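# pasting the sequence and the predicted coordinates here, then a few questions.
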Amino acid sequence: MPAHNDLLQVRMSKNRDAAALAIQRTAKGFLTRKRMRQQNREALQIGRLVRGFVTRRRMAQKARLKGIFERIRRQVATSFALTMSLNQKEKAATMLTAFVRGSKSRADVQRMLTVRACVRACVCMSMSHDDAATCAVAPKSRVNHQHHHHHHHYL
């Protein structure tokens, strides 16, 4: 009879081990899902902060540009009122238009680069600690301001 008792002890021990493993697996899954939910919430919060920051900065930049453009427009209007030939007025208007278009496109490019850098930083921050160590946020790149002149030949 002692052999039967030993088998019973072994079986109970195995059952206890299996139950402990099942509980550990369940707890580990629960904790992992909880951590994932927390990281997701943090990533969403970071995204909100970045979008708010970028929007506020864009609004401030627009306000500054609007003031600059208004001052230039007034100066041009004043100089138009003075004695200027029609040809000179056309040249001034063309130059002003080119300046406004150029600064708008430069602002668009700069805004794109800023958003891209912010998004890259958010992605790195939401990664696990080991993955984040390998994530390199590129330094803010400079836009190459080369002017390409397009010559149109009309017949």
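Looks like it came in fine.
# what about the longest helix in this structure?
Across the chain, the longest stretch assigned as helix under DSSP state H is helix 2-81.
# okay, now the unreliable bits of the protein?
Within the chain, the stretches with pLDDT under 70 are 1-2, 80, 82-84, 125-155.
# center of it, which residue is that?
In the chain, the centroid-proximal residue (C-alpha atoms, centre = their mean) is Val119; its distance is 2.7 Å.
# would you list the phi and psi of that residue?
Phi and psi for Val119, reported as degrees, to the nearest 10, are phi -60, psi -40.
# can we start the residue count at 724 from this point?
Understood, numbering begins at 724; the last thing we discussed is Val842.
# can you tell me how far it is from Asp831?
16 Å (C-beta to C-beta, to the nearest Å). To be clear about C-beta, it is placed using only N, CA and C from the backbone, and glycine gets the same treatment.
# and the longest helix of the chain, how far out from the chain middle?
14 Å (C-alpha atoms, centre = their mean, to the nearest Å).
# count residues in the vicinity of Asp729, would you?
Neighbourhood size, Asp729 [other C-beta atoms under 10 Å]: 10.
# wait, what's in contact with it?
When the contact criterion is C-beta atoms under 8 Å, 6 or more residues apart in numbering, Asp729 has no partners at all.
# from Met735, how far off is it?
Distance from Asp729 to Met735, by C-beta to C-beta: 11 Å.
# nearest residue to Val773 other than its sequence neighbours?
Taking C-beta to C-beta, 6 or more residues apart in numbering, and ignoring the residues beside it in sequence, Val773 has Cys841 as its nearest neighbour in space, at 4.4 Å.
# isn't the one you found right next to Val777, touching?
Yes: counting by C-beta atoms under 8 Å, Val777 is a contact partner of Cys841 at 6.5 Å.
# those two - which one has more neighbours?
The neighbour count for Cys841 versus Val777, taken as other C-beta under 10 Å, is higher for Cys841 (18 against 15).
# so what does the helix or strand harbouring that one touch, helix or strand wise?
Secondary structure assignment for Cys841, by DSSP states H and E: helix 809-849. If contacts are counted by 3 or more C-beta pairs under 8 Å, 6 or more residues apart in numbering; DSSP states H and E, helix 809-849 sits against helix 725-804.
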